[in-house]
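Enquirer: Need a 3D model of the following:
(one chain, ligands or ions: 1)
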Amino acid sequence: MTQTIYRDTWAEVDLDAIEYNINQIRARIPQHCSVIAVVKADGYGHGAVEVAERALQSGAEMLAVAILEEALTLREAGFDVPILVFGRVAPKDVAIAAEKDITLTFFQKEWLQEVNQISLPQTLKLHMKWDTGMGRIGLRTEKELKELIDELKDQSNVQLTGIYTHFATADEPGTDYFHMQNERFDRLMTAFERMWTDPVAIHTGNSAASIRFPEKMHHYIRFGISMYGMYPSSTVKGERNIDLKQSFSLHSRLIHVKQLAPGESVSYGATYTTSDYEWIGTIMIGYADGWIRKLQDIEVLIDGKRMPIVGRICMDQTMIRLDKEYPVGTEVTLIGRQQNDMIEVDEVADYLNTISYEIPCMISSRVPRIYTGE
Ligand SMILES: *Cc1c(COP(=O)(O)O)cnc(C)c1O
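Expert: All right, here's what the predicted structure looks like:
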């Protein structure tokens, strides 16, 4: 999508990295297993449409999102592949999903009964969610499974096309809980196969599970964070089972450069005071862009060197202590590579005591996304 940009701050999304990461996981999972590209939350902040397009060109066969709006956006953009919504869509809203051939997730008998009352423009495709230990959504017992299957058999306006579960600890050092969830899934599957003979697509693993336990994967994997080139956790990163390329980077340019005398202060609250003659640069990014105040004192890259943010981060602007004078217009990299150094998303996440997932998501839509790669 072309967009006129009037500001010196932008995020770059390297689509070649998306392709690279999908190739990496496809080489690791069984041949019969294919990739669902998870592009919820506007593609983890990278841009759902652009990422989805490249993911499908790279061999992904399905798209997945969290909410119906996200699925509709993808259909509007012209994607005609299967799209799965992970969350619960209210029964009153399922007609549009059926009309647009969007696959929904279900796990409640009452939900099916309500949907049964609605006249749908065409058959609604459904994936059934099993809660094997995540404790979020999904049916948990064989009794619930039987009730749902009985309900489904009575229903003509829906079609069961898939079954899935989600792992709570696939990225953690201890693997007992993961294997316990797998065993619960297998037990429910045995029960299911006694009640149902039509083919269904089975998928259990997210990035972490598919990277660490590829042999346990079924028809699909749900590939999210690692498609974007980030490791699900330090455990997965440390195991070095897969090489990933970070797609996201964040950049700005110096819009003002000045020298301050010793004892001068910078930004709200005058919390930073120079101890010598210091060069201070200003960039146009702030907490309204998702570059939150807690990032005060983190380093950025200029001329391939690390320099700290000083003083409080403002709504729209941030100051940096420079090692010398630089011209206005000099590029500043807040996330990503400059010459021989790189600030990984992980580094920013660690600084904030959070996980990589949160970082590109929190860079707000005010920051334009620029796409690079073929
Ligand atoms: C977000 C999500 C995924 C993707 O997980 P990653 O760790 O990003 O690979 C997979 N499945 C479900 C149900 C999700 O909500």
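Enquirer: which residues in the protein form helices?
Expert: Secondary structure of the chain (DSSP state H): helices at 15-28, 40-44, 48-57, 68-76, 94-99, 109-116, 142-153, 176-195, 207-212, 234-239, 345-351, 358-362.
Enquirer: right, and the ones you listed - which one's nearest residue 309?
Expert: Comparison of these against residue 309 by Cβ to Cβ identifies helix 345-351 as nearest, at 10.8 Å. Yep, even glycine has a C-beta here, placed from its N, CA and C like the rest.
Enquirer: Say whether the ligand is contacted by the closest one.
Expert: No - judged by Cβ under 6 Å from any ligand atom, helix 345-351 makes no contact with the ligand; its nearest approach is 12.9 Å.
Enquirer: Would you mind putting the CA coordinates of stretch 201-217 into PDB?
Expert: The C-alpha coordinates for stretch 201-217 follow below in PDB (Å, rounded to 0.1, in the frame of the first residue of the first chain):
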ATOM      1  CA  ALA A 201      -7.900 -30.800   9.700                       C
ATOM      2  CA  ILE A 202      -6.000 -31.200  13.000                       C
ATOM      3  CA  HIS A 203      -3.600 -28.600  14.300                       C
ATOM      4  CA  THR A 204      -2.000 -28.200  17.700                       C
ATOM      5  CA  GLY A 205       1.300 -26.300  17.600                       C
ATOM      6  CA  ASN A 206       2.200 -22.600  17.600                       C
ATOM      7  CA  SER A 207       5.700 -21.400  16.700                       C
ATOM      8  CA  ALA A 208       7.400 -22.800  19.900                       C
ATOM      9  CA  ALA A 209       5.700 -26.300  19.600                       C
ATOM     10  CA  SER A 210       6.400 -26.600  15.900                       C
ATOM     11  CA  ILE A 211      10.100 -25.600  16.300                       C
ATOM     12  CA  ARG A 212      10.700 -27.800  19.300                       C
ATOM     13  CA  PHE A 213       8.500 -30.800  18.600                       C
ATOM     14  CA  PRO A 214       8.000 -30.900  14.800                       C
ATOM     15  CA  GLU A 215       7.400 -34.700  14.900                       C
ATOM     16  CA  LYS A 216       4.300 -34.000  17.100                       C
ATOM     17  CA  MET A 217       2.600 -31.800  14.500                       C
END
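Enquirer: quick one: is that stretch near the ligand?
Expert: Yes - shown here: stretch 201-217 in contact with the ligand (Cβ under 6 Å from any ligand atom) through 206-208.
Enquirer: residues near residue 110, how many?
Expert: Residues contacting residue 110 under the criterion other Cβ atoms under 10 Å number 9.
Enquirer: Return the most buried member of the helices of the chain.
Expert: helix 207-212 (a mean of 24; mean count of other Cβ atoms under 10 Å).
Enquirer: name the helices or strands packed onto it?
Expert: Counting contacts by 3 or more Cβ pairs under 8 Å, 6 or more residues apart in numbering; DSSP states H and E, helix 207-212 is packed against helix 15-28, strand 220-223, helix 234-239.
Enquirer: Mind checking the pLDDT average for the shortest one?
Expert: Across strand 220-223, pLDDT averages out at 98.
Enquirer: Low-confidence regions, the protein specifically.
Expert: Along the chain, the parts satisfying pLDDT under 70 run over 1-2.
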